[in-house]
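**Student:** Please work out how this folds:
(2 chains)
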Amino acid sequence: MNNKLSGKEINSIVILSVLGFEILLLPKVCTSAVSVVCASLLSVFLMTVAIFSDIDIYENKLWQVIYFIKNIIVIVLLTKILADAIHFVMLRDMALYKIILIITLLCGYCGYKGIEPVGRISRLMFWFVTAFTLYIYVMSVPDIKIENLYPHIGREGLSALIYGFVINSGEIIILIKNKMSGERTALFRSVLTAFVLFIFISFVIIGKLGTKGVENTMYPFFELMYAADLPGFVIKRQEGIFISLWMISCFITLFVYFYSTDILSKKIFTDKKYVTLIIMAVVFVFSYIHISPSAAMKNYCFLQIVGGILTALILPLIYVRRDVK
Amino acid sequence: MSGNIENRIRYIEDSFKDWGDIVKRKFYIGENRDQAVYITYIDDMVNRNLIEEEIIKNLIINIRLTPPKGENSNKYSAYINGAVTTADIKSATDIDEAILEVMCGNTLMLLDGLEEILVISTKSFPKRGVDKPETEIAVQGPQEAFAESIRINTVLIRRRIRDTRLKCVQSKAGNVSRTDIALMYMEGIADSKLVNKIKKKLENIKTDMVYDSGYLEQLLEENKLSPFPQIQLTERPDKAAAELMEGRIVIVVDTSPFVILLPAVLASFYQASEDYYQRWEIMSFIRIIRYLAGFAAFSLPGLYIAVALYHPSMIPTELALRLAGARQTVPISTVVEIIVMELIFEALREAGTRIPASIGSTLGIVGGIIIGQAAVDAGLVSPIAVIIIALTGICSFAIPNIALVSAYRLIKYFIIFTSAAAGLLGYVAGLLLVLVHIASLESFGVSYIAPFSGTNRNKKTILKDTVFRFPLKNRKGRHFYSELERENIEQ
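**Tutor:** Below is the predicted model of the structure:
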């Protein structure tokens, strides 16, 4: 094997990252059909920049440090958000620190193993996760109230455009671009597919719950899961199965961030022996800091807006200037 | 050590000092009985009839009166042509090399005035004949298995591939055991880079003994800490031949009835020879069953623990009440119950392997039915736990490869542990950890989860022989192992 990610593997990672955290963060990003479309269009633009520019965050010391710090904070917040969601929907009796510990150990190990295994399992799991996730939404299509999808700017108004930065798959591409062996146009096609899926899923959620319903629900995505049912299946309360499969897509995003942080730390620090363990310990400790799930989501969104501007605007500009010189 | 025959004889006899099974004979030929001949071999490792009829008789009767004269080269050819009437004969100049040949079952012949030492192939070990396969049983198809002799095994393969492209490179492994090994591959089909890589790896093996292909398997594996087999063994010559045609490389080890297949991917452990001897519809169905059974073999107890301990609401109410009722008298927790039952099952399985076949069925009845039923009646374990363990055991027997079953047996406890720690989250986390571990494995540069992932080759052709077994006439193109050669060329 050539230790590179194939185009299909990157596509799987990108689409799964959209189906995972982006859907979970929906109420903090966009709550109306119009804002979903606007944010998606902006995000597609940003991802196109990420795909076709020659940005390499691993080559410059300054970017290494900036992205290392940013990645650590992103991992902490995403771990916290995911742990809260799992705690809320699946394991209410379990102490939060145990859930955080499991997520940290799993993602730390997988990130340490490198991006190739992550790409391979993304491709392997892609159809399972996508099929089950889409099944939930397709089952909810009859419940859509069309008036919920009428042009209406949600509570965030025009700031929906800004929230396009939050949909962070462009950043995922930047983090793993140096391992890409496939064609860029193929990757662009998969980005479009991911956003068609994202718009469809968002429309189903907003169409079913309405803007108010989305705003007032912590995890609107789970509301649809509760309603989904596999006919003739012996197990009741099947949301456990759906959430277990959906969790995989969230883990894939975290694996990529852990991998990138691991690589960056090895470039920044001289003592490379225990660096992965130290990162895992830092993530575990900071994820356990008591902040509400809502605050964690807001902080994450803010960080991603800053990160999105850096990744999609500042870095390409620096590259263009350097190329002109 | 060259020239003087007496010095050489002394050296050989010193080397074989206190060898009660060595046979040596010195006699003289020529008109004046002035040319010494020395023959040595190990008793019962050689074909004595061949030595007596084709060598000693010729020397004593045919050559005795007219021994070859003149230059060394003339003498050598005269002995080769006149004195030894067997085809397989070679010369050695290094005496240590010649002594090694004696230990391999050949006969060594020293002749006065001849530089070379003649090594005559007279191997004839006590060996088992071709028997029925015991670990890869097939209802339909050939009923031949490899034996412990390297030559029988290579012949069994050659019989199935009558093509000059089938190469057989022979060498030795083990500094002390000097076991014969044969590397077989199809030139032009197997990846040439892979062949060279394996040759180099075999050359670099540092060990004293190789008694079985299992030794080589462990020495060749790239990730020594993984419980998953990265090299495949088979006892079926038809399977070895078919794999050669798919671009894999076969290593035959003397004294082992199992040959090594390289490289190995997870999908290859789910394939059996019989898959190709029966109709594709039923065999595709059986393949799917195997994959599902394989998944259940390591994950079912963990899933049961996760659902029973953390998510009982997922079970239909009536069933949940019945399960709770059945567990009321059980004094131990669900996790301990499952682990203890699994360990008892492992003990039964181990006992079943060692026990004579004639009383094996008795053990199954006593262990499986009587003890199981008694444990349930006594309230020591719940019936559902017995069902889960029995199902897991049955599923593990559906996998056609024993090495993969062994890996799943270990992984099962890991999944039990993670599920017991965090319910479905632990279950998914455990499965993902195993999956990432498998995805990070490579067998001689081939991704362990190829062709499902980790290869860029055209999946349409490749996937026709993994989860499904497509009709033989639809299998255009070869397996992805042979595609590696093309991949290298394209790069």
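**Student:** Okay, buried residues for the longest helix along chain B please.
**Tutor:** With secondary structure taken from DSSP state H, chain B has its longest helix at helix B:402-440. For helix B:402-440, burial by neighbour count (16 or more other C-beta atoms under 10 Å in any protein chain shown) applies to B:403-405, B:407-409, B:411-416, B:418-440. To be clear about C-beta, it is placed using only N, CA and C from the backbone, and glycine gets the same treatment.
**Student:** Centre of the chain to it, how far?
**Tutor:** Relative to the mean C-alpha coordinate of its chain, helix B:402-440 is positioned 26 Å out (C-alpha atoms, centre = their mean, to the nearest Å).
**Student:** partners of the very next helix or strand once past it, with directions?
**Tutor:** For helix B:402-440, the following helix or strand on the C-terminal side (DSSP states H and E) is strand B:442-443. Strands adjacent to strand B:442-443 in the sheet, as given by DSSP bridges, are strand B:446-447 (antiparallel).
**Student:** distance between the helix or strand containing B:A347 and the chain's centre?
**Tutor:** Applying DSSP H and E as the criterion places B:A347 in helix B:334-354. Taking C-alpha atoms, centre = their mean, the mean C-alpha location of helix B:334-354 is offset from the chain mean by 27 Å.
**Student:** how about low-confidence regions in the chain?
**Tutor:** The chain I'm using is chain A. Scanning chain A for pLDDT under 70 picks out the ranges A:1-3, A:27-28, A:152-170, A:182, A:228-237, A:271-272, A:323-325.
**Student:** you looked at the wrong chain, it should be chain B
**Tutor:** B:1-3, B:31, B:62-82, B:454-463, B:475-480, B:482-491.
**Student:** okay, now residue 138: neighbour count?
**Tutor:** Let's take chain A. Residues within reach of A:V138, counting by other C-beta atoms under 10 Å in any protein chain shown, total 12.
**Student:** Correction: the question concerned chain B.
**Tutor:** 19.
**Student:** Can you pull the phi/psi pair for it?
**Tutor:** B:A138 adopts backbone torsions of phi -130, psi 140, taken as degrees, to the nearest 10.
**Student:** which residue sits closest to it, ignoring its sequence neighbours?
**Tutor:** B:E274 (4.0 Å; C-beta to C-beta, 6 or more residues apart in numbering or on different chains).
**Student:** wait, isn't that neighbour in contact with B:P133?
**Tutor:** No - with contacts counted by C-beta atoms under 8 Å, B:E274 stays clear of B:P133, the gap being 10.8 Å.
**Student:** Would you map the helices across the stretch 151-300 of chain B?
**Tutor:** B:192-203, B:213-220, B:237-245, B:280-310 (DSSP state H, counting those that start in this stretch).
**Student:** scratch that, the stretch 151-300 of chain A
**Tutor:** Under DSSP H, counting those that start in this stretch, the stretch 151-300 of chain A gives helices at A:159-162, A:169-176, A:184-216, A:220-227, A:239-268, A:275-287, A:293-309.
**Student:** got the CA coordinates for the last one in PDB?
**Tutor:** What it means is helix A:293-309. Provided in PDB are the C-alpha atoms of helix A:293-309 (Å, rounded to 0.1, in the frame of the first residue of the first chain):
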ATOM      1  CA  PRO A 293     -23.800  21.400  26.500                       C
ATOM      2  CA  SER A 294     -25.300  24.600  25.100                       C
ATOM      3  CA  ALA A 295     -22.300  26.700  26.100                       C
ATOM      4  CA  ALA A 296     -20.000  24.100  24.700                       C
ATOM      5  CA  MET A 297     -21.800  24.200  21.300                       C
ATOM      6  CA  LYS A 298     -21.700  28.100  21.300                       C
ATOM      7  CA  ASN A 299     -18.000  28.100  22.100                       C
ATOM      8  CA  TYR A 300     -17.400  25.600  19.400                       C
ATOM      9  CA  CYS A 301     -19.300  27.600  16.800                       C
ATOM     10  CA  PHE A 302     -17.300  30.700  17.700                       C
ATOM     11  CA  LEU A 303     -14.000  28.900  17.400                       C
ATOM     12  CA  GLN A 304     -15.000  27.400  14.100                       C
ATOM     13  CA  ILE A 305     -16.000  30.800  12.700                       C
ATOM     14  CA  VAL A 306     -12.500  32.100  13.600                       C
ATOM     15  CA  GLY A 307     -10.900  28.900  12.300                       C
ATOM     16  CA  GLY A 308     -13.000  29.000   9.100                       C
ATOM     17  CA  ILE A 309     -11.900  32.500   8.400                       C
END
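**Student:** rewinding a little: so which of the buried residues of helix B:402-440 also contact chain A?
**Tutor:** B:418, B:421-429, B:432-433, B:435-437, B:439-440 (C-beta under 8 Å from any C-beta of the partner chain).
**Student:** Could you report the neighbour count for A:K145?
**Tutor:** 12.
**Student:** tell me the contacts of it?
**Tutor:** Residues counted as contacts of A:K145 (C-beta atoms under 8 Å, 6 or more residues apart in numbering or on different chains) are A:G207, A:K208, A:G210.
**Student:** Same check on B:R165?
**Tutor:** B:M186, B:E187, B:G188, B:I189.
**Student:** In terms of helices and strands, where is the spatially closest residue to A:L187 that is not a sequence neighbour?
**Tutor:** The shortest distance from A:L187 to any non-neighbouring residue, by C-beta to C-beta, 6+ apart, is to A:I51 (5.3 Å). A:I51 belongs to helix A:33-52 when assigned by DSSP H and E.
**Student:** Run through the neighbouring helices and strands of that helix.
**Tutor:** helix A:159-162, helix A:169-176, helix A:184-216 (3 or more C-beta pairs under 8 Å, 6 or more residues apart in numbering or on different chains; DSSP states H and E).
**Student:** Which neighbouring elements make contact with the helix holding B:A347?
**Tutor:** helix B:280-310, helix B:357-364, helix B:383-397, helix B:402-440.
**Student:** on that earlier part again, ok, so of the contacts of A:K145, who is nearest B:A324?
**Tutor:** Nearest to B:A324 out of these is A:K208 (C-beta to C-beta; 35.8 Å).
**Student:** How much space separates the closest one from chain B?
**Tutor:** 24 Å (C-beta to the nearest C-beta, to the nearest Å).
**Student:** How about the contacts made by that residue?
**Tutor:** A:S140, A:D143, A:I144, A:K145, A:N148, A:E223, A:L224.
**Student:** what's the neighbour count on the third one?
**Tutor:** So that's A:I144. 17.
**Student:** Tell me the residues of the stretch 251-400 of chain B that contact chain A?
**Tutor:** So the stretch 251-400 of chain B meets chain A at B:V307, B:Y310, B:H311, B:S313, B:M314, B:I315, B:P316, B:T317, B:L319 (C-beta under 8 Å from any C-beta).
**Student:** And stretch A:173-187, what's buried?
**Tutor:** For stretch A:173-187, by 16+ other C-beta under 10 Å, it's A:I173, A:I174, A:L175, A:I176, A:K177, A:N178, A:K179, A:M180, A:G182, A:L187.
**Student:** Any chance of TSV for these, columns distance to B:P257?
**Tutor:** Putting these into TSV (distance: C-beta to C-beta, whole Å) gives the following:
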residue	distance to B:P257
A:I173	52
A:I174	55
A:L175	51
A:I176	47
A:K177	51
A:N178	49
A:K179	44
A:M180	47
A:G182	45
A:L187	50
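**Student:** which one of those residues is nearest A:R120?
**Tutor:** Nearest member of the buried residues of stretch A:173-187 to A:R120, counting by C-beta to C-beta, is A:K179, at 12.2 Å.
**Student:** Across the sheet, point out what pairs with B:K172.
**Tutor:** Counting by DSSP bridges, the residues bridging with B:K172 are B:D180.
**Student:** mind listing what it touches?
**Tutor:** So B:K172 contacts B:R178, B:T179, B:D180, B:I181 (C-beta under 8 Å, 6+ apart).
**Student:** which one of the helices and strands packed on helix A:33-52 is the most hemmed in?
**Tutor:** Among the helices and strands packed on helix A:33-52, helix A:169-176 has the highest mean neighbour count (mean count of other C-beta atoms under 10 Å in any protein chain shown), at a mean of 25.
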